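[1] Pasting a predicted model and its sequence here:
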Amino acid sequence: MKQLIIQGGKKLFGTINISGSKNASLPILAATLLVDEKITLKNIPDVKDISTMINLLESIGKKIKFSNSRNQIVITSKKNKKLIAPYNLVKTMRAGVLVLGPLLAKYGQARVSLPGGCAIGSRPVDLHIEMLKKMGAKIKIDKGYIVAKVIKKLKPNKLKFESISVGATENLIMAATLCKGKTTIKNIAIEPEIIDLINFLNKSGAKIFFNSKRIITIEGVESLKGSTHSIIPDRIEAGTYAVASLISNGKITLNRIDTKAMKNIFDVLKLSGAKLNSNKKNSVTVSRKKIKSLNAKTIPYPGFPTDMQAQLMSLLCLGNGKSIIKEDIFENRFLHVSELKRMGANIKIKNKSAYIQGIKNFTGAEVMATDLRASVSLVLAGLAAKGITIVNRIYHLERGYEDLVKKLKKCGASIITKNV
């Protein structure tokens, strides 16, 4: 097991280049199952979830090699295919279920292990299954696997999500891409990562059109062609390092960001006291005078993202009054609260809301990470704490942050990784 050991209290100054988006890369990697020709993907982040998805694609029948750098890959197809996503690969990563739609669309069958990942609630795959059934798929759950078949091809349909789901939106878009006829999907998620998936598919020959903000029409095509695509910047990584600047009372410049995609995050951070100075199109410098209390809630894009909730909470623990964060996406995403309390935080949970009373300082302690974003919220608290903080179970961090320790150390953080 590995630990992070952080000596807190150092103001962070410097520049951080933001990596490609993990949450955009994963569905795009899954979508390459729809394509027989060569695909080149650039700006892929070097994180554990990406390695897991690459291993999954290779087990199904893709040949993947790194080209020029660890952030660019070339994907081609092997002749033999195994239309299964096994438990040993999917158990650590929720995104494994995203191969279901492409496999059904391309090959008419799939056997996909029910997904694992972070312990942030049930996140059921019911919506994925329900919508694929409406497109003609026969699906059952057998020994922990989603077993799906379709006679000949999936059928076009007019679909509407009862609730907005990022993963189900991605799966249905991919499934409908090769579905002969016209499919309309209403009430879709519109996160930047989904737009990036649509852009990749259209670049590869798909015909996906927006009718309105949350409605798309997909005209099925016979096949997709090879293409080259660069993954968008990771807005959650950028938001995390913005909080690192604020919580340490430092000044960090974030390069290679998409300022438009980050508006919902930056707007909330401004309310917390952040000063954002734009240097050029894709660069922002983040600093502050004091941390202000505020009320916030997580809602689907363009609202404030659930993936930034834990980081924001760490920041507001040092605010100058009472703050409230309402978690409206996942029902079990306050697991970091008990660990922040070990560091001196004053937080009470009632129903879906966290009530935060600002404190003067965090105190270093030994803490345990429960999921990806909870892990980094503890790192952020450790950066601001008096004394030493030890973060255990950091494999969660490795799933989603490229070179976290290296990037923080470059800005002056006292942080090391230790094997125990």
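    Received it, and whenever you're ready, just let me know what you need.
[2] Asn171 looks like it's in a strand, true?
    No. Assigned with DSSP: H, G, I helix; E, B strand; the rest coil, Asn171 falls outside any strand and is helix.
[3] Ile129 is in contact with that one, correct?
    No. Checked against CB atoms under 8 Å, the pair Asn171 and Ile129 is beyond contact range at 9.5 Å. All C-beta atoms are positioned from the backbone trio N, CA, C, and that covers glycine.
[4] which stretches of the stretch 301-420 of the chain form helices?
    309-316, 337-342, 372-384, 395-400, 404-410 (DSSP state H, counting those that start in this stretch).
[5] Tell me how far the third one lies from the chain's centre.
    Right, the one you point to is helix 372-384. For helix 372-384, the separation from the chain centroid amounts to 16 Å (computed by CA atoms, centre = their mean, to the nearest Å).
[6] follow-up on the earlier one: and of the helices of the stretch 301-420 of the chain, who's closest to Val99?
    Val99 lies closest to helix 395-400 among those, at 17.8 Å (CB to CB).
[7] centre of the chain versus that closest one, how much separation?
    For helix 395-400, the distance to the chain centre is 11 Å (CA atoms, centre = their mean).
[8] Now the closest residue in space to Gly239 that isn't next to it in sequence: phi and psi?
    Spatially, and ignoring its direct neighbours in sequence, Gly239 is nearest to Ile265 (4.3 Å; CB to CB, 6 or more residues apart in numbering). Main-chain dihedrals, Ile265, degrees, to the nearest 10: phi -80, psi -50.
[9] I'd say Ile265 and Thr306 touch.
    No. In this structure, Ile265 is not within contact of Thr306 by CB under 8 Å, at 11.7 Å.
[10] circling back: which pLDDT value belongs to the residue nearest to Gly239?
    With respect to pLDDT, Ile265 scores 98.
[11] now it: how far from Leu254?
    11 Å (CB to CB, to the nearest Å).
[12] overlap in contacts of the two?
    Applying CB atoms under 8 Å, 6 or more residues apart in numbering, one finds that Ile265 and Leu254 are jointly contacted by Ala238, Ala242.
[13] circling back: could I get the helices of the stretch 301-420 of the chain as CSV with distance to Lys155 and mean neighbour count?
    Listed next are the helices of the stretch 301-420 of the chain as CSV, based on distance: least, CB to CB, whole Å; neighbours: other CB atoms under 10 Å:
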stretch, distance to Lys155, mean neighbour count
helix 309-316, 39, 28
helix 337-342, 46, 19
helix 372-384, 37, 28
helix 395-400, 36, 21
helix 404-410, 45, 19
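[14] Mean pLDDT lowest where, among the ones you listed?
    Note on the helices of the stretch 301-420 of the chain: helix 395-400 shows the lowest mean pLDDT, a mean of 90.
[15] Export that one to CSV, keeping only CA atoms.
    This file holds the C-alpha atoms of helix 395-400, laid out as CSV (Å, rounded to 0.1, in the frame of the first residue of the first chain):
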residue,chain,number,x,y,z
TYR,A,395,-4.7,4.2,-5.5
HIS,A,396,-7.9,6.2,-5.9
LEU,A,397,-5.8,9.3,-6.7
GLU,A,398,-3.8,7.3,-9.3
ARG,A,399,-7.0,6.4,-11.1
GLY,A,400,-7.7,10.0,-12.0
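[16] Contacts for it, please.
    With CB under 8 Å, 6+ apart, helix 395-400 has contacts from 2, 4, 22, 47-49, 92-93, 118, 236-237, 369-372, 374-376, 379, 404.
[17] Just those residues: which are in strands?
    Of these, the ones assigned to strands by DSSP state E are Lys2, Leu4.
[18] Find the residue closest to Lys275 in space, skipping its chain neighbours.
    Ser287 is the one closest to Lys275 (CB to CB, 6+ apart), at 5.0 Å.
[19] Looks to me like that neighbour is in a strand.
    Yes. Using three-state DSSP, the assignment for Ser287 is a strand.
[20] From Asn17, how far off is it?
    Separation of Ser287 from Asn17 (CB to CB): 18 Å.
[21] what do you get for Tyr401?
    Counting by CB to CB, the separation of Tyr401 from Asn17 is 13 Å.
[22] Neighbour count: those two, which is higher?
    Tyr401 (26 against 15; other CB atoms under 10 Å).
[23] Kindly export stretch 94-111 (C-alpha atoms) in CSV.
    What follows is stretch 94-111, C-alpha atoms only, in CSV (Å, rounded to 0.1, in the frame of the first residue of the first chain):
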residue,chain,number,x,y,z
ARG,A,94,-17.3,2.4,-13.4
ALA,A,95,-16.6,3.3,-17.0
GLY,A,96,-16.3,-0.4,-18.0
VAL,A,97,-20.0,-0.5,-18.6
LEU,A,98,-19.5,1.9,-21.5
VAL,A,99,-18.4,-0.9,-23.8
LEU,A,100,-22.0,-2.3,-23.7
GLY,A,101,-23.5,0.0,-26.2
PRO,A,102,-20.7,-0.2,-28.8
LEU,A,103,-20.5,-4.0,-28.6
LEU,A,104,-24.2,-4.3,-29.1
ALA,A,105,-24.2,-1.9,-32.0
LYS,A,106,-21.2,-3.4,-33.7
TYR,A,107,-21.5,-7.1,-33.0
GLY,A,108,-25.0,-7.7,-31.7
GLN,A,109,-24.0,-9.2,-28.4
ALA,A,110,-22.0,-8.4,-25.2
ARG,A,111,-21.3,-9.8,-21.8
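[24] Between the helices of the stretch 301-420 of the chain, which one is closest to Asn282.
    Among those, helix 404-410 comes nearest to Asn282, with 16.9 Å by CB to CB.
[25] Show me what that closest one is packed against.
    Helix 404-410 sits against strand 13-17, helix 372-384, strand 414-419, with contacts defined as 3 or more CB pairs under 8 Å, 6 or more residues apart in numbering; DSSP states H and E.
[26] centre of the chain versus it, how much separation?
    Mean C-alpha position of helix 404-410 versus that of the full chain (CA atoms, centre = their mean) differs by 20 Å.
[27] Number the chain from 56, please
    Happy to do that; since the first residue is 56 now, the last one works out to helix 459-465.
[28] Can I get it in CSV, CA atoms only?
    The C-alpha trace of helix 459-465 is given here as CSV (Å, rounded to 0.1, in the frame of the first residue of the first chain):
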residue,chain,number,x,y,z
LEU,A,459,-0.4,14.8,-8.9
VAL,A,460,2.6,14.7,-6.6
LYS,A,461,5.0,16.0,-9.3
LYS,A,462,2.7,19.0,-10.1
LEU,A,463,2.2,20.0,-6.5
LYS,A,464,5.9,19.7,-5.7
LYS,A,465,6.7,21.9,-8.6
